[in-house]
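Sharing a model that was predicted from the sequence below.
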Amino acid sequence: MTEINTDQTFPAEPGAVPTAADAELIAAAVRAAGRGLLGRESVAEVVVLCAVAGEHLLVVGAPGTAKSEAVRRMAGQLGGRYFEYLLGRFTEPNELFGPVDLRGLREGRVEYETEGMLPEAEIAFLDEVFLGSTAVLNTLLGLLNERVFRRGRTVLASPLRICVGAANHLPQDPALAAFADRFLARVFVEPVADSRLEELLEAGRRPAVPAPRDGGPGLLAAVDRLAAAARACDLDEATPLVATALRRLRAAGVPISDRRAVRSQKLVAAAAVLDGRTVASARDLWVLPLVAPTADAQALARDVLADLVEKSANGSLVHAAEELSRSTAARAERLAHAGAALLAEHRDLPEGRDSRLRLEAALREIDAGFDPAALPAALAGIRAELVAAVSPS
């Protein structure tokens with residue numbers, strides 16, 4: 001059994017200094033996880049955001065919308081001890097938390113064997129999370145909130161960075177409200193739009209590439225260094241902006257409890273360090289719609305915060321930043337990254353294969369969203385390279 005330790009933070013390696021290089025390392029893992037996940041890249045990105053923030057994530061969507069696949073891929077990239085379980089009405093607590101230690105029981109002690117189970121996981125994914133019994137959810141409540149597992153005589157500090165819960169819909173039972181509130185960030189997943197069905201079908205024909213199970217050396221350590229940087233992040237510039245945003249949300253009827261308001265700052269700080277900065281700013285406000293509790297409330301949040309998030313963007317989490325802010329800055333960031341990836345792929349293609357159609361599609365998307373005479377500098381450079389790539393030799 002893991003040694004008991006009541007420290008709920010995950011310090012970086014001794015002497016390690018979080019740098020923009022860690023953000024780049026995580027950004028590469030995010031891109032790898034999202035490859036081929038049409039329209040689900042933002043789910044993988046918010047998993048990382050929450051892991052750095054030390055908060056839990058709820059993913060809500062109909063069956064068959066690749067919720068689980070996105071989470072599994074990102075967990076595979078990050079590495080660490082992973083636990084996954086599909087909950088049901090008859091799930092026993094022992095299935096999640098471990099069986100009773102029979103040797104201790106013979107001696108009159110009620111203790112639990114937690115090795116390989118949820119209390120010792122660093123990343124967890126619980127599908128159909130609201131279907132658990134009262135006994136399961138009550139134990140989970142303490143584990144998620146305090147990162148401490150208590151059952152019988154067993155008291156164990158959990159190394160859990162993030163728990164991702166998935167559900168087909170939000171619970172209607174008021175008794176589940178306290179448990180649901182432990183998931184600060186929420187992502188609502190819809191089926192792929194009809195206009196992208198050709199892309200979906202093409203992606204579905206490609207052979208599945210299994211995600212690495214250990215994520216390679218140093219990825220979880222990089223998450224911990226970024227998490228430490230987020231805890232030390234300078235929020236002075238962002239605090240008045242966050243307060244203004246929260247007042248607007250409450251005035252618009254979006255229910256934001258005091259606890260969620262305070263914890264929203266952790267998402268802002270995590271966004272800043274994942275963008276390679278130690279000072280949060282207006283660029284990081286795109287995360288705030290994530291704390292709105294329903295899909296309708298998030299749509300309303302994007303509307304009422306439109307002017308506050310117009311400069312929001314993130315170099316590591318390009319899809320989530322664009323989807324949640326709808327800002328031109330975020331869109332430019334995403335298009336620049338997508339264009340650079342396409343150009344790299346084009347250069348590496350064997351002779352005889354042509355990616356011209358995809359390059360032309362990227363050009364059309366850039367020109368449809370931006371005046372070529374007023375492009376952001378980074379995107380202007382990518383556009384010029386795309387034009388050169390599709391021009392006849």
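Arrived safely, thanks for sending. All values derive from a computational prediction rather than experimental measurement.

And stretch 320-332, end to end?
For stretch 320-332, the first-to-last residue distance is 13 Å (CA to CA, to the nearest Å).

can you list the weak-confidence ranges in the stretch 251-393 of the chain?
The model of the stretch 251-393 of the chain has pLDDT under 70 over residues 349-354, 393.

what ranges do the helices span in it?
Secondary structure of the stretch 251-393 of the chain (DSSP state H, counting those that start in this stretch): helices located at 258-274, 295-304, 318-325, 328-348, 356-369, 377-390.

Out of these, which one sits most buried?
helix 318-325 (a mean of 26; mean count of other CB atoms under 10 Å). From N, CA and C alone the C-beta is placed, and that goes for glycine too.

Of all the helices of the stretch 251-393 of the chain, which one is nearest Glu45?
Each of these has some distance to Glu45 by CB to CB; the shortest is helix 318-325, at 4.1 Å.

out of the helices of the stretch 251-393 of the chain, nearest to Asp22?
Using CB to CB, the helices of the stretch 251-393 of the chain put helix 258-274 closest to Asp22, at 8.1 Å.

can you state the direction angle for the closest one and helix 318-325?
140 degrees (axes from the mean of the first three to the mean of the last three CA atoms, to 10 degrees).

Format the CA atom coordinates belonging to helix 258-274 as CSV.
What follows is helix 258-274, C-alpha atoms only, in CSV (Å, rounded to 0.1, in the frame of the first residue of the first chain):
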residue,chain,number,x,y,z
ASP,A,258,-18.6,31.1,-4.8
ARG,A,259,-16.6,27.8,-4.9
ARG,A,260,-16.7,27.6,-8.7
ALA,A,261,-15.8,31.3,-9.0
VAL,A,262,-12.7,30.9,-6.8
ARG,A,263,-11.6,27.8,-8.6
SER,A,264,-12.1,29.3,-12.0
GLN,A,265,-8.8,31.2,-11.4
LYS,A,266,-7.0,27.8,-11.4
LEU,A,267,-8.1,27.3,-15.0
VAL,A,268,-7.0,30.8,-15.9
ALA,A,269,-3.5,30.2,-14.4
ALA,A,270,-3.2,26.8,-16.1
ALA,A,271,-4.1,28.3,-19.4
ALA,A,272,-1.3,30.9,-18.9
VAL,A,273,1.5,28.5,-18.1
LEU,A,274,0.4,26.1,-20.9
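
Output the contacting helices and strands for that helix.
On a contact count with 3 or more CB pairs under 8 Å, 6 or more residues apart in numbering; DSSP states H and E, helix 258-274 meets helix 20-34, helix 41-53, helix 219-231, helix 239-251.

packing partners for the third one?
Taking 3+ CB pairs under 8 Å, 6+ apart as the contact definition, the neighbouring helices and strands of helix 219-231 are helix 20-34, helix 41-53, helix 67-78, helix 258-274.

End to end on stretch 77-94, go ahead and measure it.
OK, stretch 77-94 end separation, CA to CA: 28 Å.

what mean pLDDT does that stretch have?
The pLDDT scores in stretch 77-94 average 93.

For it, list every residue counted as buried.
Gln77, Leu78, Gly79, Gly80, Arg81, Tyr82, Phe83, Glu84, Tyr85, Leu87, Thr91, Pro93 (16 or more other CB atoms under 10 Å).

Keep only those of those residues that are in strands.
The strands, defined by DSSP state E, take in Tyr82, Phe83, Glu84, Tyr85 from these.
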